[in-house]
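1. Using only what follows, build the 3D model:
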Amino acid sequence: MALSDEFLQELKSRNDIVEVVSQYVNLQRAGRLYKGRCPFHHEKTPSFCVYPDTQSVYCFGCHVGGEVIYFIRKIENLDYIDAVKFLAKRAGMDMPEDNFQNNDNAVRQRRIYEINRETARFFHQSLTSFSGTEALAYLRGRGLSNKTIRHFGLGYAPNSFRLIDYLKSKGFKDEELLQANVAHMSKKGYLASRFFNRVMFPIMDLRGNVIAFGGRIMGDGKPKYLNTADTPVFSKSHQLFALNFAKNQSARTLILSEGYMDVIALHQAGFTNTIATLGTSLTQQQANLIHRYADEVVICYDSDNAGITATERAITILRNTGLKVRVLTIPGAKDPDEFMKSHGDKGPSLFKVILEQSVMDIDYRLEKLYDKYDTSTTQGKIDYLTQAMHIISISDNPIERNLFMAKLSEKFDMEKSSMEESIAKIRRQEKFRTLRNEKSQPLSENNTVNPEKKANHLGAVAEEYIIAYLICNPEMCQYINSKIREADFVTTFNRKVFTFISGRINEGKSVELVFLSQQFSEEEVAYITAYVSENARKSFSREELDNCINVLKKESSVKIRKNPSELVDEDLRKIYHNRRKNGV
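-> Below is the predicted model of the structure:
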């Protein structure tokens, strides 16, 4: 059952698009709109626009766009109803009592959440049972207290089929267990648990829902860690372990480590702002998520070669996202977990010291680079400084760049001016590449929403203006309907949009963008939002409306003359025959 217009109207009015987006994006006023860096893709030049007039957003870099519900769906990774609930809670509104959640996707997600919750309970109970004796001893041997074990909901996956029997006794079907990826079909054709004889780490989303699991083997078997595959409620490239706890810290600094045990050991030691990726390298989506809760990140990866490589990659992604980055090097230990165990009660105080001594990412990279070259030779010095200029150039802060250039100038006894020229050239080249890569593509190119636009560009542009005008000026519906009909539209998609919008107006209903989400797909809403917002930004005029109506009628006539055999609509056939009769 769809949500009522009255409810959606109130929801929109209580959740101003600028206020909502400002909680995730640093916005700057630009005339009648606001601009900022897109939270959905990496960019250096802001192309993400917020339009107060139409209460919508649109990114000209990645073509994401829509109204406030769409924005929350995208940035919080929620389905439609959960996004509505999120905004309703924000506005202090009660949800309608109607049973509107019976769509297949929502039901599937809800069942997976329930399966994961029951599975987490089963694993935790198994840990404290006789079968979990070895697993509990393993966790305690890793230095974890009972309080920490309970806080993170740690568990044990027994070497049996008891989980499958347990979940089936709760009413879950085989297909649902496979969709949740807590089970898989064995080679012999029976349902088997995905996790056997492993200590289990529940993975939670920002709202505290269990969305996946990580399992660690206690011996030397392979793989060492086994994680839930992607499901309808989980994507490992979009989630971070323990962010549901770490996001509640007042200081906007997060410690980024590599593994579950590193996170848990640091949380137990009092560093509850620690998070980790989920068995993969840091992704841009994860960096965007971090930026919502932090201004600075301290990278605390393993000290081995793989950790050093991962640190280099993470620095680039985090800095490009707009975050300040520091790097912590752990002395005498491979990782934070090992450091805490080796120092016992002194571990927390000692870690605090090295945390305070963590260095800026540029310092770290210059130090690692220095180790690669023999700077006692002329060529080694040239090679080092050439690469060093590229590292320093990534900073957008001129004071920061000057400080590093001053350090190198003193260290190598050379003029700082030559460094300034080199860095300025590198930054010009990078700016050119960025602008070229981020250049927005016209909506008619690679257009899957309205593929007919390419062959009917002039008419489609006129259609878009008319629809945008109608949405922003619904009182003009009768005038527009007196000039053109649905059959005059030359593209099927825009005809569908016009029919929906004019139909709502004739029924006395609102036609704001918030009402499109229940009728059109995400891609379609983004496409409509783009042309409505852009036309609204340029302002509307009655003269331009009439021009577009005339253009559309002319284009419609041309299309009918060119393609009469393709006409299937009865109204179009009548128009075609009438125009032939009148010699048009």
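
2. where in the stretch 101-250 of the chain is pLDDT low?
-> Within the stretch 101-250 of the chain, the stretches with pLDDT under 70 are 101-104.

3. quick one: the strands in it?
-> Counting by DSSP state E, counting those that start in this stretch, one finds strands in the stretch 101-250 of the chain at the ranges 155-157, 183-185, 191-193, 198-204, 210-217, 225-227.

4. want to throw these into TSV with mean neighbour count?
-> Every residue, glycine included, has its C-beta placed from N, CA and C. Below are the strands of the stretch 101-250 of the chain laid out as TSV (neighbours: other Cβ atoms under 10 Å):
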stretch	mean neighbour count
strand 155-157	28
strand 183-185	16
strand 191-193	17
strand 198-204	24
strand 210-217	22
strand 225-227	18
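
5. okay, those strands in TSV with distance to residue 472 next?
-> TSV is the format used below for those (distance: least, Cβ to Cβ, whole Å):
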stretch	distance to residue 472
strand 155-157	55
strand 183-185	52
strand 191-193	55
strand 198-204	42
strand 210-217	40
strand 225-227	48
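
6. So for residue 105, which of the ones you listed sits nearest?
-> strand 210-217 (15.5 Å; Cβ to Cβ).

7. of all the strands of the stretch 101-250 of the chain, which lies closest to residue 529?
-> strand 210-217 (29.1 Å).

8. neighbouring strands for that closest one, and are they parallel or not?
-> strand 198-204 (antiparallel), strand 225-227 (antiparallel) (DSSP bridges).

9. Among these, which comes closest to residue 399?
-> strand 198-204 (40.2 Å).

10. Contacts made by that closest one with the rest, please.
-> The contact list for strand 198-204 (Cβ atoms under 8 Å, 6 or more residues apart in numbering) reads 116, 120, 123, 127, 135, 138-139, 152-157, 210-218, 226, 228, 234, 239, 241, 244, 260, 278.

11. Then stretch 25-38?
-> Contacts of stretch 25-38 (Cβ under 8 Å, 6+ apart): 18, 21, 39, 43-44, 46-53, 59, 61-62, 64, 322, 537.

12. and it, which residues are buried?
-> Buried residues in stretch 25-38, counting neighbours by 16 or more other Cβ atoms under 10 Å, are found at 25, 27, 33, 34, 35, 36, 37, 38.

13. do stretch 289-308 as well
-> Within stretch 289-308, the residues scored as buried using 16+ other Cβ under 10 Å are 289-294, 297-303, 307.

14. Please save the CA atoms from it in CSV.
-> Only the C-alpha atoms of stretch 289-308 are listed here, as CSV (Å, rounded to 0.1, in the frame of the first residue of the first chain):
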residue,chain,number,x,y,z
LEU,A,289,31.3,6.8,4.8
ILE,A,290,34.2,7.7,7.1
HIS,A,291,34.0,11.3,6.1
ARG,A,292,30.5,11.5,7.4
TYR,A,293,31.8,10.9,10.9
ALA,A,294,35.3,12.2,10.9
ASP,A,295,37.5,15.0,9.7
GLU,A,296,40.8,13.1,10.4
VAL,A,297,41.8,9.5,10.1
VAL,A,298,44.8,7.8,11.7
ILE,A,299,45.9,4.8,9.6
CYS,A,300,47.1,2.0,11.8
TYR,A,301,47.8,-0.9,9.5
ASP,A,302,50.2,-3.9,9.9
SER,A,303,53.9,-3.1,9.6
ASP,A,304,54.6,-5.8,7.0
ASN,A,305,55.0,-5.1,3.2
ALA,A,306,51.3,-5.8,2.6
GLY,A,307,50.4,-3.3,5.3
ILE,A,308,52.8,-0.6,3.9
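
15. Tell me how far that stretch lies from the chain's centre.
-> 18 Å (Cα atoms, centre = their mean, to the nearest Å).

16. related to what we said a few turns ago, would you format the buried residues of stretch 25-38 as CSV with pLDDT and distance to residue 423 included?
-> Shown next, in CSV, are these (pLDDT from 0 to 100; distance: Cβ to Cβ, whole Å):
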residue, pLDDT, distance to residue 423
25, 87, 29
27, 89, 30
33, 84, 33
34, 90, 32
35, 91, 27
36, 90, 27
37, 88, 23
38, 89, 27
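
17. for the residue nearest to residue 400 when sequence neighbours are not counted, what are its contacts?
-> Once flanking residues are discounted, residue 400 sits nearest to residue 362: 7.5 Å by Cβ to Cβ, 6 or more residues apart in numbering. By Cβ under 8 Å, 6+ apart, residue 362 lies in contact with 391, 392, 394, 395, 400, 404.

18. Look up how far residue 369 lies from the third one.
-> Using Cβ to Cβ, to the nearest Å, residue 394 is found at 13 Å from residue 369.

19. ok, now the second one?
-> Using Cβ to Cβ, residue 392 is found at 11 Å from residue 369.

20. And the two? Which one has more around it.
-> residue 392 (24 against 16; other Cβ atoms under 10 Å).

21. Touching, that one and residue 403? I think so.
-> No - look at residue 392 against residue 403 with Cβ atoms under 8 Å: they stay out of range, at 9.4 Å.

22. before we move on, the earlier item: only whichever of the contacts of residue 362 are buried, select them in PyMOL.
-> Burial among those is assessed by 16+ other Cβ under 10 Å; the matching PyMOL selection reads:
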select buried, resi 391+392+394+395+404
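
23. Let's see which of the contacts of residue 362 end up in helices.
-> 391, 392, 400, 404 (DSSP state H).

24. contacting residues around the last one?
-> If a contact means Cβ under 8 Å, 6+ apart, then residue 404 has 362, 366, 392, 395 as its contacts.
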